[in-house]
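No letters, just coordinates:
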């Protein structure tokens, strides 16, 4: 493995607590940027094997390994549909615990990938403590990857913006979407990725409606007079400031 | 006066409570966008004649009219330097009061100008109650200008993003800069505009340092590895969500 | 008109800024309580004639009176469907202004109705300044109606809980649903009321999806083990504390 | 009346929405500073005649004038006990409305008194809209009194710190006590002033307990090892920054 | 031990950082629900042996074991008075540390007890870091107990509401009581439980006054016109949304 | 080592995450209090060897030990200039991890020093996770040092106020300066200490400007009419309430 992304290809990083989170919350962004030529990489910290696989467990005759294997296969297929690389850290869920070794493994990903932006969970989520932990490790790894004294000689990372993707119950999580991404042109891919998640079929319609609602809101925020139509969107909470050359 | 900005020229609107506010806080943005070909328009709601002209009053033999006249001249010169139009509403200050007539006059400006973005004060400012009022009227006028039933037949405005420029004591005002604008290439113009404000010379060095500090912070937020140098910047708090096609 | 609700019938009050707001946001609550035997009363402060009747204005050959009349008729039909009384204050919109006379008219409604609960808009709404104003007047009238020295001799009101119903872009409004109302059994009535709003057909599907999303969330908040099924719900932000005899 | 407090006597200003508020919430501070030689002045914006005189109204055969007169007498006696001047603006309550004339009358008080500190209500109070209004006018008048261009020639005021005294339900008002004032040595005077409020006897015990609770908390915040005993205290939320020469 | 609460008896869980916390803050709730037939269970994570037993340590000739033993006895007696079960985890205090083993032990309690509601500390407490940690573990254990993949085969828990009971200095802890529980009819039991806490006699009067103040506030929040009298109450901050069938 | 500061000398404690933080952020306070006769002690938890020594690492031929040694020498010289003791805990940075052993070592410092006030980092800092951790351990150690049951027999500490010094990007850190310390008379010493930080020369001008800006703001907060001149100041966010005998 080389120490850095030596090509000129831009890249994006998604840090997902459980193996399906990246699909519900950011499959549109992944497909949009893959289409733009970005190298997109998803890190699944766990499979969500204990906390987010109720349907599988109810089948009977299940073991942790069988659940993990089924979840891994679903996530891999979704990543393939979206045109993303995917890597499974398998650190366990409910509760998730992040060792310094795991943290450093993620720092290595940053150093190698040199992402132009990072997506992860909301900073707060009273319904799911694995989610904020994933965002925390995503941010902590980013800061370490910026440090000149960490593995001196490697190329340090710049200041990729960090976005929190949409949690299940946004208002309880103090998550406010300050950025809408138009995903209308890649909606078919997102829906296809969603349908890979056989174990959580009850969420398909839910997250389709989320995309529709965010589409309506995005349209409203560009103004009803704008020519552009938006049918599906994803909301993001950008945590880091923008540096711009124009305000319109 | 025609009812709408019929050319293709993009435009920007600045709503300033007192006649010098737009200089300290957004002269860089005005010069940047003027250089980009925008039509920039500043509305000064008052001259700051009672509350922000201490040096003039101390000269002795002063009247309200003399102070207003001196302040108007300074502001006009600053606007000329920056390449902006300026209009004075002369509604009075300390305390500022906004009648519905004034509100509707500002709605007319929106309809005619069709701004692509709007700049005004912070939403809160415990040191100056005129400032949040100016932002409130800027936002209220924007919403009315969007309404189909207001002066039907006129072209309604879209959804121009609203930014709060930097207040004097940022933290007391709950103002957080989520957007930095690089003004390095127009710094000379901003400094020249600042120096038009003869009545508040004690603030020249203060706002020069503000621009330098924001420059350092902007540089940090694009990452130390970025090639681009930023020496001077202005911070803005964007209040309205962005709708984007790419997250990097 | 008598000074107080002398019967034992419980009552509920809805204060709606524009004539359709009560439908999108609280038609379920109105139908639920009407079915429980409550006397439900809706106050429409305005018809939303200028700011929320875009479709009507685009028909051409429109006047303010025609728009108001069309909007009134729609709202009256919706109220009829839901089994509610409705009263139109016609104070104008975009911008809404509330005189002390209007405030006192609302105080009279409180005194006469003696509501057991009150519904109105979110306390903040950067997209619509009429909305928070409606909530403010709803709260201010409530406090005056509690005062012994206001129209001494009339029966004062108790401390009816105040709820903010769901705004269009919840997160931008700092609105957090701490209360979900199951409206599954009255959904047909809500949908029927929604369809009375011919002038805003683009919102029918949007608010149907809102009800479905809140239904899923309500179900989650009673636990997946609960027997009760919830398909449609409305979210509310209760602003006043509960006083209870049991915590489960 | 002279334009300024020409003696060297330091002064303190209390802006009270209703005629009893200053007693429950700041009688201790008034007595403490009177004992220290301060000239203490209380402005009662209203008598609380409509909203806070329930007991009087229930006596029967009451008129607004009779209630106001009884309330005035109580407040005057309490001010006498505490060693404070008191002035009644009589602007009405429930709802309170502040004209620019009233605002300017308060500005005159600032200019004449030159207060070293200002006490008023919490910035938010969902149970009482007169309270935040009183604080707002107290702050707005302070800023105008600082303006060189307001009545040029008069001595402007400096930057007296502003404190919010304790509201009835602190947590609902987002009021946080960052300053505790020891009132143990003047407690007798505060209790005596409290007992002047014959119309609200149900609050005597309540505010005695408030003083005891704040006393315990103040003691805790100086540390259990401190020699000083504190039995009674008042809590304040200081809104303006301190400028100090030592941090201990 | 069976895996689940197989009877129909409803249950309530209290997670107390130190062995006296549950008394000051929730003895009323325990007694109220015990009287309603609930099985009430208190988990004391520690005895507060190092940080909250000052009086015992000052006796001289003390050891950690003696202090723990004295504290345990007091807490057991209080639980007996209130009709609650009590279990001591003895994890240590000042600082408290929670191992995953302890977490899982608490998950087992959830699974066995199947609580209908949960009480613990405020989410923030700058005066005591053990308190927020106790709430965190109470919430984290709840979420794990809901996971189908944790100990498959056991009955998962539903979504019991979580309440934060009252901390010592509420405002510093950002704790806002949105729920008041009337404890007037069980006050004698609460006072009796309080008097079991011989080691902290200085707090008896303090928490008696807390109950009286909350009683006055609860009364105010049902309205002065309500027939019901409330003399003593406990305040709670409900963290999880309610799902209701009626809003009054 | 004796168990307590037996002299009457007052003391102040500074907890610095990295070895230069105390200079940029609190050198003025250290010099001010040293001049007042305080014993000032700085704890450097790490040298900032990995994350804040970019210039050193770029020199080539560097090792972690060489960097640490260079950083230590700089910090020691700065402490000497300021008249402070300094102790290095060397726990590592980026990421910093605090063991219970380290925590207890800091508790010992509290017990021995008996500080009259404590300075550390802001509670939140999204750019640097070591900073909030340092503040957390400073607060946690303070609470343990207050506990009678921790090392019984030692003198417990009182309730020294805790201040957060100024972070790099204040608004992103939700840091609000409620206290300004005039450092005009010791500015030369602060600048001299700053110039000891050879490895971060790019920050010299930045923090000089910070001191100037805070000086202007401090001056504004005592009022333009005040005789006292302030040219340089440091801002602090006091986290713990004040207990005072006078409000002016």
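Arrived safely. Owing to the predicted nature of the structure, the values given are computational and were not obtained by experimental measurement. Numbers count the residues shown, from 1 in each chain, chains lettered A, B, ... in the order given.

okay, CA-based contacts and neighbour counts for the rest of this
Will do.

quick one: contacts for residue A:204?
A:194-195 (CA atoms under 8 Å, 6 or more residues apart in numbering or on different chains).

Give the helix, strand or coil label for it.
Three-state call for residue A:204 (DSSP: H, G, I helix; E, B strand; the rest coil): helix.

Tell me the helix or strand right after the helix or strand bottoming out on mean pLDDT in chain A.
Of all regular secondary-structure elements in chain A, judged by mean pLDDT, DSSP states H and E, the least confident is helix A:54-57 with a mean of 92. Heading C-terminal from helix A:54-57, the first helix or strand you meet, by DSSP states H and E, is helix A:64-82.

how distant is the least confident helix or strand of chain A from the center of its chain?
With CA atoms, centre = their mean, to the nearest Å as the basis, helix A:54-57 stands 23 Å off its chain's centre.

Run through who's touching it.
So helix A:54-57 is in contact with A:62, A:67, A:199-200, E:147-149, E:152, going by CA under 8 Å, 6+ apart.

Number of residues surrounding residue A:188?
Number of residues near residue A:188 (other CA atoms under 10 Å in any protein chain shown) recorded here: 13.

hang on, I meant residue A:102
Using other CA under 10 Å, residue A:102 is surrounded by 17 other residues.

Show me the shaky parts of chain A.
Scanning chain A for pLDDT under 70 picks out A:1-7.

so which residue of it comes closest to chain D?
residue A:174 (17.9 Å; CA to the nearest CA).

one step back: pick the one among the contacts of helix A:54-57 closest to residue B:192.
Ranked by distance to residue B:192 (CA to CA), the contacts of helix A:54-57 are led by residue A:200 at 62.3 Å.

other SSEs contacting the strand or helix carrying residue A:144?
According to DSSP H and E, residue A:144 maps onto helix A:130-146. In terms of contacts (3 or more CA pairs under 8 Å, 6 or more residues apart in numbering or on different chains; DSSP states H and E), helix A:130-146 is packed against strand A:11-16, helix A:100-113, strand A:117-120.

right, and the ones you listed - which one's nearest chain B?
Using CA to the nearest CA, the helices and strands packed on helix A:130-146 put strand A:117-120 closest to chain B, at 5.4 Å.

Is any residue of that closest one near chain F?
No. Applying CA under 8 Å from any CA of the partner chain, one finds strand A:117-120 separated from chain F by no less than 14.5 Å.

Give the pairing partners of that strand; include direction for each.
Partners of strand A:117-120 in the sheet, by DSSP bridges, are strand A:11-16 (parallel), strand A:162-165 (parallel).

Run through who's touching that strand.
Outside strand A:117-120, the residues that touch it by CA under 8 Å, 6+ apart are A:11-16, A:26, A:134-135, A:138, A:160-165, B:247-248.

Report the buried members of these.
The neighbour-count test (16 or more other CA atoms under 10 Å in any protein chain shown) applied to the contacts of strand A:117-120 identifies A:11-16, A:26, A:134-135, A:138, A:160-165, B:247 as buried.

Pull the number of nearby residues for residue A:189.
For residue A:189, using other CA under 10 Å, the count is 20.

Close to chain B: what parts of chain A are there?
Going by CA under 8 Å from any CA, the residues of chain A near chain B are A:32-33, A:116-117, A:156-161, A:177-182, A:218, A:220-226, A:240-248.

for chain C, what are the nearby residues on chain A?
Applying CA under 8 Å from any CA, we find that chain A lies next to chain C at A:169-172, A:174-177, A:206, A:209, A:213, A:217.

Among those, which ones are in helices?
Within those, membership in helices is found for A:206, A:209, A:213, A:217, as judged by DSSP state H.

How about the last one, nearest residue that isn't a chain neighbour?
The spatially closest residue to residue A:217, leaving aside those adjacent along the chain, is residue C:169, at 7.3 Å (CA to CA, 6 or more residues apart in numbering or on different chains).

State the phi and psi torsions of that neighbour.
Phi and psi for residue C:169, reported as degrees, to the nearest 10, are phi -120, psi 90.

Please tell me how far it sits from chain F.
Applying CA to the nearest CA, to the nearest Å, the value for residue C:169 to chain F is 24 Å.

Now for that residue, how many residues are close by?
Neighbour count for residue C:169, taken as other CA under 10 Å: 17.

quick check, nearest of the ones in helices among the residues of chain A next to chain C to chain F?
Out of those, the member with the shortest distance to chain F (by CA to the nearest CA) is residue A:217, at 26.6 Å.

residues near the closest one, how many?
Neighbourhood size, residue A:217 [other CA under 10 Å]: 22.

what is the orientation angle of the helix holding residue A:144 with helix A:100-113?
Counting by axes from the mean of the first three to the mean of the last three CA atoms, to 10 degrees, helix A:130-146 lies at 60 degrees to helix A:100-113.

Pull the residues that contact helix A:130-146.
Counting by CA under 8 Å, 6+ apart, A:15-17, A:45, A:93-96, A:98, A:103-104, A:106-108, A:110-111, A:120-125, A:150, A:156-159, A:162, A:164, F:51, F:94-95, F:127-129 sit against helix A:130-146.

buried subset of these?
A:15-17, A:45, A:93-96, A:103-104, A:106-108, A:110-111, A:120-125, A:150, A:156-159, A:162, A:164, F:51, F:94-95, F:127-129.
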